[in-house]
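Participant: Fold the following, please.
(chains A and B)
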There are 2 protein chains.
Amino acid sequence: MTLNGLLQKSPASLPILQATFGLERESLRISKINHRVAQTKHPEILGSRSFHPYIQTDYSEPQIELITPIANSTSEVLRFLGAITDVIGRSINKDEYLWPLSMPPKLTADEIAIASLEDHWERQYRDHLAKVYGKVLQSMSGIHYNMELGANLVTALFEESDYTSLIAFKNDLYLKLAQNFLRFRWLLTYLYGASPIAEQGFLDKPLDKPVRSLRNSHLGYVNHDDIQVSYQSLERYISDIEHYVNSGQLIAEKEFYSAVRLRGSKHNRDYLKKGITYLEFRCFDINPFDNRGITQETLDTVHLFALALLWLDDSFAIDQDIADAKELNDRIALSHPLEKLPQEAPADLILSAMQAVVEHFDLPEHYHTLLENVKAQIEHPELTIGGRLVTEIDHLSLETFGQEKGQAYHDYAWHAHYALKGYENMELSTQLLLFDAIQKGVNVNILDENDQFLKLWHGDHVEYVKNANMTAKDNYITPLVMENKVVTKKLLAQAGFPVPAGQEFADKDTALRYFSQVKDKAIVVKPKSTNYGLGISIFKEPADLASYQSALDIAFAEDDTILVEEFISGTEYRFFVLDGKCEAVLLRIAANVVGDGTHTIAELVDLKNQNPLRGYNHRSPLEIIELGDIERLMLEQQGYTPDDILPEGVKVDLRRNSNISTGGDSIDVTEAMNKSYQQLAAQMASAIGAWVCGVDLIIPDENLNASKEEPNCSCIELNFNPAMYMHTYCHAGKGQALTPKILAKLFPEI
Amino acid sequence: MTLNGLLQKSPASLPILQATFGLERESLRISKINHRVAQTKHPEILGSRSFHPYIQTDYSEPQIELITPIANSTSEVLRFLGAITDVIGRSINKDEYLWPLSMPPKLTADEIAIASLEDHWERQYRDHLAKVYGKVLQSMSGIHYNMELGANLVTALFEESDYTSLIAFKNDLYLKLAQNFLRFRWLLTYLYGASPIAEQGFLDKPLDKPVRSLRNSHLGYVNHDDIQVSYQSLERYISDIEHYVNSGQLIAEKEFYSAVRLRGSKHNRDYLKKGITYLEFRCFDINPFDNRGITQETLDTVHLFALALLWLDDSFAIDQDIADAKELNDRIALSHPLEKLPQEAPADLILSAMQAVVEHFDLPEHYHTLLENVKAQIEHPELTIGGRLVTEIDHLSLETFGQEKGQAYHDYAWHAHYALKGYENMELSTQLLLFDAIQKGVNVNILDENDQFLKLWHGDHVEYVKNANMTAKDNYITPLVMENKVVTKKLLAQAGFPVPAGQEFADKDTALRYFSQVKDKAIVVKPKSTNYGLGISIFKEPADLASYQSALDIAFAEDDTILVEEFISGTEYRFFVLDGKCEAVLLRIAANVVGDGTHTIAELVDLKNQNPLRGYNHRSPLEIIELGDIERLMLEQQGYTPDDILPEGVKVDLRRNSNISTGGDSIDVTEAMNKSYQQLAAQMASAIGAWVCGVDLIIPDENLNASKEEPNCSCIELNFNPAMYMHTYCHAGKGQALTPKILAKLFPEI
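Facilitator: Below you'll find the predicted structure:
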């Protein structure tokens, strides 16, 4: 290899940080009842393990494996891991939780059911492992950290090198990285080791004191001593493993355990032709101080560590160096967590390489900080994860700590249970759809986060989704129809459905002259195409000319064109129609408080706002009620001030409009609503060809039946991208989950 | 009947003007070569007469009948008549024109080919008419004015009346209107009579002087004297006509000619059960002073006249009154056009009824003016159409005048031939599509004019179209993909198509830090989603930090998110792809002038702007070139001022961007463009599932072939609503008509 000095010679503008990342985390499901390994089946709601890209079972049935997709940054990969964690937390039985430690709680071999996988070979493989290593040992959990260097980075380095073949270059580059990883992995064991003890029954001979990482020691999950694979060259590495497989000492190539694994092909020999694609670092214990089992700091420190490994020169006697390092690592793994690194550990070598990378490539401040933190942890063992964890050990057991943390993380998953953690900046309905996709194992890729643009796929079947229900299932003209209130009304009327009579105006003069036509009528004046109830004036009693005129001004302030429509008195309901069927009905009522004879109106508002469903900016199912100018004016018109104590049972409206976005209450009335209206709403959506549609009907008397001939209601609006979350998490009523229906319609094969 | 006084008792707020209107106009095609009736077939391009809703042939093959749809106002119906006129003007042979007079030019019976209709009965009917009235008489043309009173108006009157059946009420109302129409039609003959002479060969005994309206006299197209139908009651009317049909004196009910016809059912007897729907006023001569044959003033005056007829009391001896009025009408029709109304004409009666309507219902000023104009015309016969026309008569012939006017109207149809007259406020591509639909006989209805929203239909097949090519043929997600440049690039790249490398930024700091990655490269900085070339900076040479920074500011001024992309040098072409096939390729070059050694730059701009294709605000195929700040700066940078005389052959760019909207030139290169790029563009559109798509490719060298493997080009944008007009009417190149292809794809059955 001639890779020495390659990084040192690179220009500072080399995109050194460019890389992609993937994480896998294992975790045991635990019963809350006895805090032992759950004896239940893998939850059915998590879809099929035969294809699920994100949620699998590892060795045993209760050992869930969380798998992220490849991400372009450590923050992105961690965010996705958090999302999977969130999904699993809300998908497993409510009386189970995920074990937050690498070491399992107390267990016996017969508690461990091997995972019920369909694949015959995978079953056989697990049976073999049980025989060779024992089922108990297989119950340890860890995190695997996959990393591929960026294509531009590799190409730039290749171009600086003497290599003529990019594949040969990549093989040497990744092999060097793997070699040096094994030379210096003891540092990671020191920093991140977090398997200090084994619960009773795990080891034949119990430990007499806590250690850094039982899992990373020879007591952990390692091949038997007779397996010795050389890293001197890729050829040697491949043929050594093949030898053990052929001799039956390993059942498959993947049974060769190492802290680092070459990745990209199923069979090692393929690397010679196709090249190594990425490396898998397999040594990470679960960090119990983070619900995801690993932190952003760890991910970035390891990234920097890996770059430092590339910066370092190759070893001239690599197998010997690796053997020495293995011995050093074992010593550190089995040392007390408050013990410092042994003197002979070449910490300065790797630290100065990390420093050199930070400086040479002028990395952001963040990386300086990471390096300082590593140094501080080397100086102060109590700062390491192992050091922090040791204070939680009680009679050589971590069970109480594990139970507490595990249940706290479970509670955390259920906190703001309408949101998907890490994705709270996206629209709520999109968060729900992402949740469902991750749960069911539909692949997701966020094409544009601000634009709520998702790619979903299963096998070759791809669907694009924007704002959670804008899809290829609708044709283009239908939402354009719904976007235009006038056109919508014309089409509904032409199809024989009831809409309020009305007139469109593009100038105020003509609209004013129309006054004589409506001066005796209840009317609504509204802008033609804006939303959220802005610019709408309602006259339930005939308006005088001055009020009419000012209503025109208000509407024209929002749009070039306005509508004057007859006002239909009755209750407005939102019917959510999907694919010809009404799936939910919602009553929205204006922001309000109800008196208790004790609190002032302002206090009642505060109390109401404490509902965890209320938040800001459409990122919660309900909005915080404001006491702004509009609300105060509304109070004043009813003869109240915010400081008045409201008598018990008296309801005061704070808004005229019933939008959820201005603090309104959502009430799910799907089950109670007369089915004939649900059918009529579905017919309206079908009449204009809509796959998804929010139909707003005004119903004067729900007890009357609706039909096309005798509608007994009027349609005031169709919505082409109807909000879904508001039907799901309601102020009152049980709520209807709609995003799973969208997903099921998009992917009926799942 | 008890309808007397009903209008007088109505409140002023009665929607008295509410009505719908329809027009039919006949006109002969004339050969420019000999100015005689064309001997050619009805133009094939006008689609099939077996269903065409707007363009038919009347009696003879060259006699085109223009039929408007029902419109809600007189202005709307006249506008549509103008559009049909425009379409026919540009659809008939270029060496033909439409005859602008009711009376045909010189002709003989054997010049008149009966219309080649598929319907056997219609042929027979015409043969019968030829026998009974003569082919020559059938060559007169006129305008029929259809009018239905508004539903709210009729209902309001019905509710004020003593009637219990709405159908009976409507029948009496329309019968009263028809009766009074016949009592006072002589006023219309006086005002609008415009058939003053017959050319040689038309009459057996030539007239010795011009008259008001030969066509409305007994010499015109009337039933034989033995046909006498009573209007006393609907029953009588029906049975009288049935009697003549049964006796064979009329071949069909429709052979009963009258200045007014009851309408709404095919058979008169059905009116008794279903009610009369509307009336057809059939007495209008073609007004040769308007290319459409009738004016807005006439339409509104007749409307007011009709309302006055409703205001007037019924006659007690209606058949006698009608007979007297017929005699009076004949006298006026055959009077000299400069002669006043005879003393015995009860002008005051109808005028005061019109006045009463105007006052009682407080009609807008416009109706006062109309009434004043009628009075003035009664006072001054020379102001009537007949009075004006008489000055054009030369040796008892109008041929020269007819030829001149007819050809002038034909030239007018070809003026601004890219637009549809009356619809110039709509987008040009929509105007083209409307033109095509009217031409081919696809029914059109403008659902929203500002929004370019059309309903098109043929039989039961309905298609909605917005902005000329947004239709149900595209699915909803595809345009949403194209609207988002980042998502478009990701999808194209994932599908293996060439796109410029680049990065998206939501904040300026991160974008600034990216500078080190691009400081040696040619780049484009642009807002993520705005259009028309706003906010784009191109650095063909690497930018310095200050320029990069200001480019970021410019882009961020247009959008929250910006893109920094590699700049691909080459020529940009727009490929218009429809349904998997590239139908047009356009080269757009920046606004420019080329010197002639004589004119200054400012003068050259003026000269270039004289091209009739140039106009303002996207309502012409090319935009007027402005000499604003941007253009002046651009000149300055090249060392010019607007007052410099540009040497011959020197081209000066006035803009950096090549948008047509900023004065750029469009060059149709469809035929010359290497087909491999056309195929690649079509593949790109198909890859993202687009039915209609504007693919913008940068091509460094057109001589190289493009393929997915070796694209030799890069796609910089996909457009979901690509402009079509710019491919059709070009600064250079023959142009590609695209809207007919859209229409043919939407209605393959036509």
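
Participant: From here on, just use CA atoms for contacts and neighbour counts.
Facilitator: Noted.

Participant: A:Ser139 is in contact with A:Ser60, isn't it?
Facilitator: Yes: under the contact definition of C-alpha atoms under 8 Å, A:Ser139 touches A:Ser60, with a separation of 7.4 Å.

Participant: Would you mind telling me which of the two has more residues around it?
Facilitator: In this view A:Ser139 and A:Ser60 are compared by other C-alpha atoms under 10 Å in any protein chain shown, and A:Ser139 has more residues nearby, 26 against 20.

Participant: Contacts only, for that one.
Facilitator: A:Leu28, A:Tyr59, A:Ser60, A:Gln63, A:Met103, A:Pro104 (C-alpha atoms under 8 Å, 6 or more residues apart in numbering or on different chains).

Participant: which ones among these are found in strands?
Facilitator: A:Leu28, A:Gln63 (DSSP state E).

Participant: Could I get the full set of helices for the stretch 451-600 of chain A?
Facilitator: Using DSSP state H, counting those that start in this stretch, the helices of the stretch 451-600 of chain A run over A:477-483, A:485-494, A:508-513, A:515-518, A:545-556.

Participant: what residues does chain A put near chain B?
Facilitator: Residues of chain A that fall close to chain B, judged by C-alpha under 8 Å from any C-alpha of the partner chain: A:13, A:15, A:447-448, A:453, A:464-466, A:470-480, A:486-487, A:490, A:516-517.

Participant: Filter those down to the buried ones, PyMOL style.
Facilitator: Of these, the buried ones can be selected in PyMOL as follows, counting by 16 or more other C-alpha atoms under 10 Å in any protein chain shown:
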select buried, chain A and resi 15+447+453+464+465+466+470+471+472+473+474+475+476+477+478+479+480+486+487+490
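
Participant: Show me what stretch A:693-702 is in contact with.
Facilitator: For stretch A:693-702, contacts defined as C-alpha under 8 Å, 6+ apart pick out A:568-578, A:673-674, A:681, A:684-685, A:712-722.

Participant: try 6 Å
Facilitator: Judged by C-alpha atoms under 6 Å, 6 or more residues apart in numbering or on different chains, the contacts made with stretch A:693-702 from elsewhere in the structure are A:570-577, A:713-720, A:722.

Participant: State the pLDDT value of A:Ala252.
Facilitator: Predicted confidence (pLDDT) for A:Ala252: 91.

Participant: Could you list which residues are in contact with it?
Facilitator: Residues in contact with A:Ala252 (C-alpha under 6 Å, 6+ apart) are A:Val245.

Participant: do you know how far the residue of the stretch 651-750 of chain A found nearest chain B is from A:Asn721?
Facilitator: Proximity to chain B, evaluated over the stretch 651-750 of chain A using C-alpha to the nearest C-alpha, is greatest for A:Gly689 at 9.4 Å. Computed with C-alpha to C-alpha, to the nearest Å, the distance linking A:Gly689 and A:Asn721 is 14 Å.

Participant: Show me the shaky parts of chain A.
Facilitator: A:1-2, A:530-533 (pLDDT under 70).

Participant: Nearest the geometric middle of it, what residue?
Facilitator: Central residue check for chain A by C-alpha atoms, centre = their mean: the C-alpha nearest the mean position is that of A:Ala83, 2.6 Å away.

Participant: which one of the helices of the stretch 451-600 of chain A is the most hemmed in?
Facilitator: Burial among the helices of the stretch 451-600 of chain A, expressed as mean neighbours by mean count of other C-alpha atoms under 10 Å in any protein chain shown, is greatest for helix A:477-483, which shows a mean of 23.

Participant: Could you list the alpha-carbon positions for that helix in CSV?
Facilitator: Once non-C-alpha atoms are left out, helix A:477-483 reads as follows in CSV (Å, rounded to 0.1, in the frame of the first residue of the first chain):
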residue,chain,number,x,y,z
ILE,A,477,-57.2,19.2,-12.8
THR,A,478,-59.2,18.1,-9.8
PRO,A,479,-57.2,20.0,-7.1
LEU,A,480,-57.1,23.0,-9.5
VAL,A,481,-60.9,22.9,-9.6
MET,A,482,-61.0,22.8,-5.8
GLU,A,483,-58.5,25.6,-5.5
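
Participant: Tell me which residues are up against that helix.
Facilitator: Residues from elsewhere that reach helix A:477-483 (C-alpha under 6 Å, 6+ apart): A:Val487, A:Thr488, A:Ala690, A:Leu718, A:Phe720, B:Thr471, B:Ala472.

Participant: In strands only, show me these.
Facilitator: Judged by DSSP E, the contacts of helix A:477-483 include A:Leu718 as members of strands.

Participant: ok, so of the contacts of helix A:477-483, who is nearest B:Leu351?
Facilitator: Of all those, the one sitting nearest B:Leu351 is A:Val487; the distance, using C-alpha to C-alpha, is 41.2 Å.

Participant: about what we covered before: can you tell me the helix or strand for the residue nearest to the centre of chain A?
Facilitator: Taking DSSP states H and E as the criterion, the element that holds A:Ala83 is helix A:74-89.

Participant: What is that helix packed up against?
Facilitator: Secondary structure elements in contact with helix A:74-89, counted by 3 or more C-alpha pairs under 6 Å, 6 or more residues apart in numbering or on different chains; DSSP states H and E, are helix A:399-414.

Participant: Flag every buried residue along the helix it packs on.
Facilitator: Going through helix A:399-414 with 16+ other C-alpha under 10 Å, the ones that come out buried are A:Glu399, A:Phe401, A:Gly402, A:Gln403, A:Lys405, A:Gly406, A:Gln407, A:Tyr409, A:His410, A:Tyr412, A:Ala413, A:Trp414.

Participant: pull the CA atoms of that helix into CSV?
Facilitator: Listed in CSV are the C-alpha atoms of helix A:399-414, where the atom choice follows Å, rounded to 0.1, in the frame of the first residue of the first chain:
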residue,chain,number,x,y,z
GLU,A,399,-31.5,-3.9,36.7
THR,A,400,-33.1,-1.0,38.7
PHE,A,401,-31.3,1.6,36.5
GLY,A,402,-32.2,-0.3,33.3
GLN,A,403,-35.9,-0.6,34.4
GLU,A,404,-36.1,3.1,35.2
LYS,A,405,-34.4,4.4,32.1
GLY,A,406,-36.2,1.9,29.9
GLN,A,407,-39.6,3.0,31.2
ALA,A,408,-38.6,6.7,31.1
TYR,A,409,-37.7,6.3,27.4
HIS,A,410,-41.0,4.5,26.8
ASP,A,411,-42.8,7.4,28.4
TYR,A,412,-40.8,9.8,26.3
ALA,A,413,-42.0,8.0,23.2
TRP,A,414,-45.6,8.6,24.3
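
Participant: Work out the gap between that helix and the centre of the chain.
Facilitator: Taking C-alpha atoms, centre = their mean, to the nearest Å, one finds the center of helix A:399-414 at 19 Å from the center of the full chain.

Participant: likewise stretch A:43-54?
Facilitator: Distance of stretch A:43-54 from the chain centroid (C-alpha atoms, centre = their mean) equals 16 Å.

Participant: ditto for stretch A:156-173
Facilitator: Mean-position distance between stretch A:156-173 and its chain equals 37 Å (C-alpha atoms, centre = their mean).

Participant: quick one: buried residues of that stretch?
Facilitator: If you call a residue buried by 16+ other C-alpha under 10 Å, then stretch A:156-173 has these buried ones: A:Ala156, A:Leu157, A:Phe158, A:Ser161, A:Tyr163, A:Ile167, A:Ala168, A:Phe169, A:Lys170, A:Asn171, A:Asp172, A:Leu173.

Participant: So A:Gln39: helix, strand or coil?
Facilitator: Classification of A:Gln39 into helix, strand or coil gives coil, according to DSSP: H, G, I helix; E, B strand; the rest coil.

Participant: Would you map the strands across the stretch 151-300 of chain A?
Facilitator: Listed in chain order, the strands of the stretch 151-300 of chain A (DSSP state E, counting those that start in this stretch) span A:260-263, A:278-285.

Participant: ranking the ones you listed by burial, who's on top?
Facilitator: When those are scored by mean count of other C-alpha under 10 Å, the highest mean neighbour count falls to strand A:278-285 (a mean of 23).

Participant: re the thing from before, any chance of the buried residues of stretch A:156-173 in CSV, with distance to B:Asp644 too?
Facilitator: Compiled in CSV, the buried residues of stretch A:156-173 are given as follows (distance: C-alpha to C-alpha, whole Å):
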residue, distance to B:Asp644
A:Ala156, 51
A:Leu157, 55
A:Phe158, 56
A:Ser161, 57
A:Tyr163, 60
A:Ile167, 62
A:Ala168, 64
A:Phe169, 62
A:Lys170, 62
A:Asn171, 66
A:Asp172, 66
A:Leu173, 64
